[in-house]
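Engineer: Using only what follows, build the 3D model:
(one chain, ligands or ions: 1)
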Amino acid sequence: MGKSKEIPSKEVKQAEEEEAEAEEEKSFEELGLDLRLVHALNKKGIQKPTLIQQASIPLILEGKDVVARAKTGSGKTFAYLLPLLHRLFNESSPKSKLAPAALVLVPTRELCQQVYSEVMALIELCKGQVQLKVVQLTSSMPASDLRAALAGPPDIVISTPGCMPKCLSTGVLQSKSFSDSLKILVLDEADLLLSYGYEDDLKALSAVIPRGCQCLLMSATSSSDVDKLKKLILHNPYILTLPEVGDVKDEVIPKNVQQFWISCSERDKLLYILALLKLELVQKKALIFTNTIDMAFRLKLFLEKFGIKSAILNAELPQNSRLHILEEFNAGLFDYLIATDDTQTKEKDQSDEGGHVDSRKSKKHPKAKLDSEFGVVRGIDFKNVHTVINFEIPQNAAGYVHRIGRTGRAYNTGASVSLVSPDEMKIFEEIKSFVGDDENEDSNIIAPFPLLAQNAVESLRYRAEDVAKSVTKIAVRESRAQDLRNEILNSEKLKAHFEVNPKDLDLLKHDKDLSKKPPASHLRDVPDYLLDAKTQEACKMVKLARAAMGNKNSSRRQGPRRKFRKSDPLKSFSAEPTKRAGKGRMKREGRNGDDTGKHKKKKSV
Ligand SMILES: Nc1ncnc2c1ncn2[C@@H]1O[C@H](COP(=O)(O)OP(=O)(O)OP(=O)(O)O)[C@@H](O)[C@H]1O
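Structural biologist: Next up, the predicted model:
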């Protein structure tokens, strides 16, 4: 008692909150989860539930409808998958069942694949003890394939929302059978389902959801779309809002992600990213976002002239290629992935097609149809991404949140660096305000990047500008066409082969050089004389930090975040000391409850 008086009250409060948190923590077993699943999780190295899992698993096991809102990377997938599997493991279904018992809806095919892999991995780890049939469906599948997949019927269907109404309207699935069998419906990434244009499909589906079906809605952000879906599908749900996704604006990005920005002209962006990557001032693996596919190719071509290999992920690639690129990146086969994201990219690139880059509509340029069910960023679980770089600023704050959410997932840490040109300043200010960056409070959530000294940038300027000139629009167009041709060829010719010989997929390398000439040796290496002492020191510290942190999801890194702050050079070192540089942006999580207040049932987590 006496002790607490000696400690400043803020620290006491913090210590108490931490203690309370520790006391509240329960194991998966204590949450009532089937032991087969607990063992499967242990085999995957997952020992303790995340906050959202702690809160949602018991409620879902009780059969309640649940709306769960928690930050990107907080473990929402297992939060619904584990109790869903528990129910299916333990509840017998009628022998005469003609349709699936569980339906998981996600906005994109990539997410279908991801959720499907997660379920299959869990079932595989319970080997011999359970038998569940799981299928993934997409709207583009022909009716015959849909019929074959639904024959049996499967226990779990993972699908985009357009698919089920298609199955029902074409008679592949009978409405009555569907209504009789369905026990659990999950709307995952609910904040995105409507923005991907699935409103009509979901309305059609809602008409055949039986009253007794347990409905779950998972979302990273709260929005009017989520509310709309909640009203359309759920019955008097429990609303779970993690403290960090409350009303408070600065709580939308995970605390374990440090956010930085660099101010530079549009023209200098290539120079700055070269400095960041070549001088190794950011940790690998890195996910680099551009707003258009052409910019992604320009960047890749530019970087490869300096011997920096990267791969591109975008909406015009065949689905097989996209999934394979994701697999390779997740497996750590290359360090830099350049991604174009969202519907905004699709629209922009499609409108670009008649514009400057593709004006001649070259016959050489295979006309790719952008995939409307593609979603590279949202909800995709990129493994071990340490840094997200916004080469171009997304066109809205939600895009920023979803991009940055690809790092710092679960108990991992991460950083983001945004390159902001004067033209992007307005939207960047909006983003800053959305994430709670308040200049008046002197609390920079997005801080100036402290490790890049101006003279280090200038030392690379001549080479960068010279090389940038050589990456012409024609070069970009040809590379984009060539890449697409290669991927289509790979995708179509090799699909059948890979199905039989999955290991041969390794032969496909997505980060190979696009330009015919190899990078010149004088560009590949940065001579020491170009680097000042401070940059060399910064570079060394980033390397040391990387070595200390390792590249794996280590459970030892699951401890308090302050430990990371102390050892992180981005916080303790500044090449250009500024008032703000090196200052921790992370505030202690608040305990804000649900923002609805209107619902009868409510739980704060
Ligand atoms: N209890 C846990 N302990 C450690 N890692 C976990 C745990 N639960 C999930 N993970 C891992 O955390 C990562 C992020 O989980 P998940 O994809 O479910 O996040 P999310 O909340 O759905 O994010 P998003 O909103 O971006 O889709 C995954 O790699 C997952 O395997």
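Engineer: Please make it C-alpha for all contacts and neighbour counts, starting now.
Structural biologist: Fine.
Engineer: where are the low-confidence patches of the stretch 351-500 of the chain?
Structural biologist: For the stretch 351-500 of the chain, the stretches with pLDDT under 70 are 351-379, 438-444, 489-500.
Engineer: which bits of it sit near the ligand?
Structural biologist: By C-alpha under 6 Å from any ligand atom, the part of the stretch 351-500 of the chain that sits against the ligand consists of 379-381, 405, 409-410.
Engineer: which residues of the stretch 1-150 of the chain fall in strands?
Structural biologist: Applying DSSP state E, counting those that start in this stretch to the stretch 1-150 of the chain gives strands spanning 66-69, 102-105, 134-137.
Engineer: Show me which residues of the stretch 101-250 of the chain are close to the ligand?
Structural biologist: So far as C-alpha under 6 Å from any ligand atom goes, the stretch 101-250 of the chain lies against the ligand at residue 220.
Engineer: What residue in the stretch 101-250 of the chain comes nearest to the ligand?
Structural biologist: For the stretch 101-250 of the chain and the ligand, the shortest gap (C-alpha to the nearest ligand atom) falls at residue 220, measuring 4.8 Å.
Engineer: ok so, going back, can you tell me which of the residues of the stretch 351-500 of the chain next to the ligand is nearest the ligand?
Structural biologist: Looking across these and measuring by C-alpha to the nearest ligand atom, the closest to the ligand is residue 379, at 3.3 Å.
Engineer: got any ranges where this structure has weak pLDDT?
Structural biologist: Across the chain, the ranges flagged by pLDDT under 70 are 1-24, 94-95, 243-252, 342-379, 438-444, 489-519, 521-531, 541, 544-605.
Engineer: where do the strands sit along the stretch 201-350 of the chain?
Structural biologist: Ranges of strands within the stretch 201-350 of the chain are 214-219, 238-241, 257-263, 286-290, 311-313, 336-340, based on DSSP E, counting those that start in this stretch.
Engineer: In CSV: these, plus mean neighbour count.
Structural biologist: What follows is the strands of the stretch 201-350 of the chain, written out as CSV (neighbours: other C-alpha atoms under 10 Å):
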stretch, mean neighbour count
strand 214-219, 24
strand 238-241, 25
strand 257-263, 21
strand 286-290, 25
strand 311-313, 23
strand 336-340, 25
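Engineer: ok, the residue nearest to residue 312 when sequence neighbours are not counted - contacts?
Structural biologist: Nearest residue to residue 312 in three dimensions, chain neighbours excluded: residue 338, at 4.7 Å (C-alpha to C-alpha, 6 or more residues apart in numbering). Neighbouring residues of residue 338 by C-alpha atoms under 8 Å, 6 or more residues apart in numbering: 287-290, 296, 300, 310-313.
Engineer: Run through the bridge partners of residue 338.
Structural biologist: residue 288, residue 312 (DSSP bridges).
Engineer: Run a quick neighbour tally on residue 46.
Structural biologist: Residue 46 has 14 neighbouring residues, counting by other C-alpha atoms under 10 Å.
Engineer: Please apply the same query to residue 171.
Structural biologist: Residue 171: 12 surrounding residues under other C-alpha under 10 Å.
Engineer: what does residue 39 give?
Structural biologist: 18.
Engineer: quick one, phi/psi of residue 388?
Structural biologist: Backbone torsions for residue 388, taken as degrees, to the nearest 10, come to phi -110, psi 130.
Engineer: er, residue 197 actually
Structural biologist: Torsion angles, degrees, to the nearest 10, at residue 197: phi 80, psi 30.
Engineer: and the gap between it and residue 108?
Structural biologist: Distance, residue 197 to residue 108, using C-alpha to C-alpha, to the nearest Å: 11 Å.
Engineer: the more surrounded of those two?
Structural biologist: Applying other C-alpha under 10 Å to residue 197 and residue 108 shows that residue 108 carries more neighbours, namely 26 against 15.
Engineer: can you put the strands of the stretch 1-150 of the chain in TSV and add mean neighbour count?
Structural biologist: Putting these into TSV (neighbours: other C-alpha under 10 Å) gives the following:
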stretch	mean neighbour count
strand 66-69	27
strand 102-105	25
strand 134-137	21
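Engineer: which stretch among those strands comes nearest residue 283?
Structural biologist: Residue 283 sits nearest to strand 66-69 of all these, at 29.5 Å, using C-alpha to C-alpha.
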